[in-house]
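Engineer: Sequence and predicted structure, then a few things I'm wondering about:
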Amino acid sequence: MKNILSMSQLSNQEVQDFITSALEFKKGRKSTIGKDKFAVNMFFENSTRTKSSFQVAEMKLGMQQIVFDAAKSSTTKGESLYDTARTLESVGANLAVIRHSEDEYYNQLLNRNLGIPIINAGDGAGQHPSQSLLDLMTIYEHYGRLDGLKVAIIGDLSHSRVAHSDAEILTQLGSSVYFGGLNSWYTSEFQAMGPHKAVDDLCREMDVVMLLRVQHERLSTEENQNFSKEDYFEKYGLDMRRVNLMKKDAMIMHPAPVNRGVEIADEIVECDKSYIFKQMINGTFIRMAMIESVLKENN
Ligand code: CP
C-alpha cells in the first residue's frame with residue numbers, strides 16, 4: 001500500500017503479514033531496503049515511544065533522517081502542512097512519518113502533488129495504526145491468535161486514537177471488545193462495538209485488560225477541574241486487588257505514557273501480567289515492517 005493511515009484500510013491478511021514480518025525482524029532478519037533513502041519524522045504533538053521507535057526502525061533499515069522540529073519549523077510562520085511536506089520531499093525525503101493533533105490531517109496531503117508515502121503516527125483522536133499493530137503483535141505472541149479473545153479497553157475512550165484503532169480492528173479480526181471507565185467517554189461509536197462493564201467484572205472475564213491514560217490535554221477546563229486522581233483510581237484504576245481477579249493467562253496492556261497511581265498502580269506497571277514494556281519492544285519491529293512495506297510499494 002502507498003500510505004498507512006488507518007487500521008480501517010487493512011484486511012485481516014495484511015494485519016497478519018505485518019505481524020509475520022515484524023516477528024521475523026525480531027528474530028534477526030535484516031533488510032537494507034532503506035539504504036540511500038531519507039525519512040522525515042514530522043511530529044506536531046509530543047511523543048517519546050512512537051518517534052524514537054520510528055527513528056530506530058528507520059536506522060535499522062539503513063535509512064538516513066532529516067531532522068524536523070515542528071516548533072522550530074516554518075509552520076510557525078504559517079506554512080501549511082502540505083507545503084511543509086512538499087518542501088521536505090523536494091529536499092530529499094522519501095518517507096514522511098507524521099503525527100498531528102488534527103483528526104485525518106492527511107486528507108490535506110492526499111490527491112495533490114506529494115509523491116512520497118505517509119505513515120500516520122497518530123491523528124488527533126482518530127487513528128494510531130503503528131500502536132494498534134504493535135498491540136496486535138503483542139497479543140498474537142502471547143495467544144497465537146487474534147480471534148475469539150475478549151479484550152477490555154478501560155479509560156478515556158472518546159479522546160483515544162488507540163481505543164478507536166484497536167476496538168475497530170479487534171472486532172474485524174473476530175475478537176470481542178468491552179469497555180470500562182467514565183460513562184461519558186462511552187460514546188455511540190463504542191456502544192456499537194461492545195458493552196460497557198464495571199472494572200471488577202472486566203478483570204474477571206477478559207483475556208486482555210488494556211488501560212488508557214486520561215488525556216487531560218484534550219479535556220475541557222471544567223472536566224479537568226472536576227477530575228480527582230484518587231476518585232478515578234478507586235473507581236477505574238487497576239490495583240493488586242483487581243489484578244488478583246484476572247484469569248491466570250490474562251494480559252495487562254497500556255499504550256503509554258502511563259500515569260502511575262491514576263489508571264494503574266505503580267506496582268502493577270511491571271508485574272508478571274504486564275506487557276507494557278514488551279509492547280514498546282515490539283514497536284520498533286512492527287514499524288520496521290510498516291516502513292519496509294511502504295518503501296517496497298513505492299519503489
Ligand atoms: N503510545 C504512544 O503513542 O506514545 P508516545 O505518545 O510517547 O509516542
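Structural biologist: Arrived safely.

Engineer: now Thr75, nearest residue through space, not along the chain?
Structural biologist: Distances taken as Cβ to Cβ, 6 or more residues apart in numbering put Thr84 closest to Thr75, at 5.6 Å, once the chain neighbours are dropped. (Each C-beta comes from the backbone N, C-alpha and C, glycine too.)

Engineer: got the CA coordinates for the helix or strand in which the one you found is found in PDB?
Structural biologist: Applying DSSP states H and E as the criterion places Thr84 in helix 81-91. Provided in PDB are the C-alpha atoms of helix 81-91 (Å, rounded to 0.1, in the frame of the first residue of the first chain):
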ATOM      1  CA  LEU A  81       1.300  21.100   6.300                       C
ATOM      2  CA  TYR A  82       1.100  20.300   2.600                       C
ATOM      3  CA  ASP A  83       3.700  22.900   1.700                       C
ATOM      4  CA  THR A  84       5.900  21.700   4.500                       C
ATOM      5  CA  ALA A  85       5.700  18.100   3.300                       C
ATOM      6  CA  ARG A  86       6.300  19.100  -0.300                       C
ATOM      7  CA  THR A  87       9.300  21.000   0.800                       C
ATOM      8  CA  LEU A  88      10.800  18.100   2.700                       C
ATOM      9  CA  GLU A  89      10.100  15.900  -0.300                       C
ATOM     10  CA  SER A  90      11.800  18.500  -2.500                       C
ATOM     11  CA  VAL A  91      15.000  18.500  -0.400                       C
END
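
Engineer: helix, strand or coil for the residue of the stretch 51-200 of the chain found nearest the ligand?
Structural biologist: The minimum distance from the stretch 51-200 of the chain to the ligand, using Cβ to the nearest ligand atom, falls at Gln131 (5.2 Å). Here Gln131 is helix, with the state taken from DSSP: H, G, I helix; E, B strand; the rest coil.

Engineer: what does stretch 57-64 contact?
Structural biologist: Residues from elsewhere that reach stretch 57-64 (Cβ atoms under 8 Å, 6 or more residues apart in numbering): 25, 31-39, 41, 65, 94-95, 284-285, 287-288, 290-292, 295.

Engineer: one more time with 7 Å, if that's ok
Structural biologist: For stretch 57-64, contacts defined as Cβ atoms under 7 Å, 6 or more residues apart in numbering pick out 31-35, 37-39, 65, 284, 287-288, 291-292.

Engineer: Show the buried residues in the residues you listed.
Structural biologist: For those, a burial check counting by 16 or more other Cβ atoms under 10 Å picks out Ser31, Gly34, Lys37, Phe38, Ala39, Gln65, Thr284, Arg287, Met288, Ile291, Glu292.

Engineer: Next step: the residues you listed restricted to strands.
Structural biologist: Mapping these onto strands (DSSP state E) picks out Phe38, Ala39, Gln65.

Engineer: Kindly reformat those residues as JSON lines containing pLDDT.
Structural biologist: Output for those, formatted as JSON lines (pLDDT from 0 to 100):
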{"residue": "Phe38", "pLDDT": "98"}
{"residue": "Ala39", "pLDDT": "98"}
{"residue": "Gln65", "pLDDT": "98"}
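
Engineer: Appreciated, that's everything.
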